[in-house]
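*Asks:* sequence plus predicted model, see below.
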Amino acid sequence: MASPRPFLQPLRHCRRGLLPQAQQPSTLTRLLSSEAFNTPNASQSESQSQSQQQPPLQDDATTTSSSSSSKKRKPLTPAQRSFLSSALRVNQAGELAATLIYTAQTPPVVAREPHLRPLMRHMYDQEAAHLRTFNALIAAHRVRPTALYPVWSVLATGLGWTTAVLGREAAMACTEAVETEIGGHYNAQIRRLLEMVAEWEADGYEVGGEFRDLIGTLRRIRDEELEHLDHAVEHDAQKAEPHWLLTGVIRAGCRGAIWVSERV
C-alpha cells in the first residue's frame, strides 16, 4: 500500500539528531515576554539581569568554552516572538482536542473491538503527555491560550463520538486525517525554527540550549503523532466509506481550527 503521507517524507530527515525534551522550562519565558531571549552581549546581559532581577539566558553547555561563551545571542524580532507565541497556543489547543477525541472514541470502539483497548489507551496516553508539555510551556512563558477552548472542546468531543459510532474504520479515518494535518503543522513549525537557527549561526550568533530543546520537543511530538497515523492506516482507516469525503472534511476542519487558534 502506498504511503498515506508522501508529502511529509522530505521533512522526515528532521528526526536525525533528535534533541532531548526540554525539562521544566524557566529561562525561555523571556523568549516571549521580553526583548532579550538571545542576549546581545555579556555587558548588556548583566545590565538586564540587574534591572529585571533575572539571570541572563545562557547555554549551560557553552559556559566552560571561552570561544562559545564569547558569542552574542541575537534578540528575537517582534515577528519571531509572535510566531513562537502562536505556535505554543495552537499546539496546546490541538493536543487538548486530540485527548478529547480519543476520550469520546474509546468507549464505542472498545465495546465493539475489545482488542483495540491497548492501542486506544496508548494513543490517548501519548496525547495526554503532549498536552501536559504544552500546558507547562504556556504557563511558564505566559502565553495566552486560545479564547476558543470551549468551542474546540465541544467540537472535538462530537467528532470523536460521531466517528466512533460510525465504526472502527471511521474512527481510524478520523485519526488518519487529524494526524496528517498535525504532522504537516509540526513540520512547518520545526522548519521555521531551524531556519531561525541557521540564520543566527550563519551570522555568528550563539543559539541557546533551551531553544534547541524546544525544537527537539517538537520533533519528538511530531514523530509520535505520525506514529498514530501509521496505527490508523494499519487498522483499516482507508476502508471507511466514503473515505475521501470523511477525511477531507476533517482535514479542512483541522486547518481552519489551526488558523483560528493561532490568532484568537
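*Replies:* Sure thing, it's come through. Numbers count the residues shown, from 1 in each chain.

*Asks:* going forward, measure contacts between C-alpha atoms and count neighbours the same way
*Replies:* Fine.

*Asks:* give me the element A93 is part of.
*Replies:* Here A93, judged by DSSP states H and E, is contained in helix 78-112.

*Asks:* what's the first helix or strand after that helix?
*Replies:* Following helix 78-112 in sequence order, the next helix or strand is helix 117-140 (DSSP H and E).

*Asks:* what packs against that following helix?
*Replies:* Helices and strands touching helix 117-140, by 3 or more Cα pairs under 8 Å, 6 or more residues apart in numbering; DSSP states H and E, are helix 78-112, helix 209-234.

*Asks:* can you put those in a markdown table and add mean neighbour count?
*Replies:* Formatted as a markdown table, these follow (neighbours: other Cα atoms under 10 Å):
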| stretch | mean neighbour count |
| --- | --- |
| helix 78-112 | 20 |
| helix 209-234 | 20 |
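
*Asks:* what's H243 in contact with, if anything?
*Replies:* Shown in contact with H243 (Cα atoms under 8 Å, 6 or more residues apart in numbering): A173, A237.

*Asks:* how much space between it and T163?
*Replies:* 12 Å (Cα to Cα, to the nearest Å).

*Asks:* ok, now G208?
*Replies:* Between G208 and T163 the distance, using Cα to Cα, works out to 44 Å.

*Asks:* so between these two, which is more surrounded?
*Replies:* Regarding G208 and T163, a neighbour count based on other Cα atoms under 10 Å identifies T163 as having more, with 24 against 20.

*Asks:* is the more buried one in a helix, a strand, or coil?
*Replies:* Assigned by DSSP: H, G, I helix; E, B strand; the rest coil, the conformation of T163 is helix.

*Asks:* what strand or helix carries the nearest residue to it once chain neighbours are set aside?
*Replies:* For T163, ignoring the flanking residues on the chain, the nearest one in space by Cα to Cα, 6 or more residues apart in numbering is A171 at 4.8 Å. Element membership of A171 [criterion: DSSP H and E] is helix 168-202.

*Asks:* what's the average pLDDT for that helix?
*Replies:* Taken as a whole, helix 168-202 has an average pLDDT of 94.

*Asks:* same for it, what does it pack against?
*Replies:* Under the contact rule (3+ Cα pairs under 8 Å, 6+ apart), helix 168-202 is packed against helix 78-112, helix 149-166, helix 209-234, helix 243-263.

*Asks:* show me the shaky parts of this protein.
*Replies:* For the chain, the stretches with pLDDT under 70 are 1-70.

*Asks:* surely G204 meets V197?
*Replies:* No. The pair G204 and V197 does not pass the contact test of Cα atoms under 8 Å, sitting 10.6 Å apart.

*Asks:* so for these two, which sits in the more crowded spot?
*Replies:* Regarding G204 and V197, a neighbour count based on other Cα under 10 Å identifies V197 as having more, with 18 against 13.

*Asks:* how about the nearest residue to the more buried one, chain neighbours excluded?
*Replies:* The shortest distance from V197 to any residue that is not its chain neighbour, by Cα to Cα, 6+ apart, is 6.7 Å, and that residue is V207.

*Asks:* how about the contacts made by M196?
*Replies:* If you count contacts by Cα under 8 Å, 6+ apart, M196 has none.

*Asks:* what residues of stretch 138-150 count as buried?
*Replies:* Within stretch 138-150, the residues that count as buried by 16 or more other Cα atoms under 10 Å are I138, A140, H141, V143, P145, T146.

*Asks:* picking that back up, element containing the residue nearest to V197?
*Replies:* Here V207 is covered by no helix or strand, with elements defined by DSSP H and E.

*Asks:* where does it fall, phi/psi-wise?
*Replies:* phi -110, psi 120 (degrees, to the nearest 10).
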